[in-house]
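Asker: no FASTA, just this:
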């Protein structure tokens, strides 16, 4: 989860302590809304640094694609 906290801090331009609070709040909300077995799988996935790295790459690609759809010029 440390990598996720660092990712949020970097993307949002906030301190890691603030990012940790944000991540924990969002995760708590998600886990409360999901059935227990799925919430456990989410927790396990977020403790796996490789999964977080892959998700980060997918988000970056998705944001780049979205920018292209909205007319952002590629450099």
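Answerer: Nice, thanks for sending it over. Just so we're clear, the structure is a prediction, and the values are computed from it rather than from any experiment. Numbering: from 1, shown residues only.

Asker: worst-scoring helix or strand of the chain, pLDDT-wise?
Answerer: Of all helical and strand segments in the chain, the minimum by mean pLDDT, DSSP states H and E falls on helix 49-69, at a mean of 64.

Asker: quick one: buried residues of stretch 19-29?
Answerer: Using 16 or more other CB atoms under 10 Å as the test for burial, stretch 19-29 gives 19, 20, 23, 27. For the C-beta atoms, the positions are set from N, CA and C on the backbone; glycine is no exception.

Asker: which residues does the first one contact?
Answerer: Right, residue 19. Going by CB atoms under 8 Å, 6 or more residues apart in numbering, residue 19 touches 5, 6, 8, 9, 12.

Asker: let's have those residues in CSV, adding pLDDT.
Answerer: Formatted as CSV, these follow (pLDDT from 0 to 100):
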residue, pLDDT
5, 86
6, 87
8, 88
9, 90
12, 90
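
Asker: which of the helices or strands spans residue 11?
Answerer: helix 2-12 (DSSP states H and E).

Asker: which secondary structure elements does that helix sit against?
Answerer: Packing partners of helix 2-12 (3 or more CB pairs under 8 Å, 6 or more residues apart in numbering; DSSP states H and E): helix 16-33, helix 49-69.
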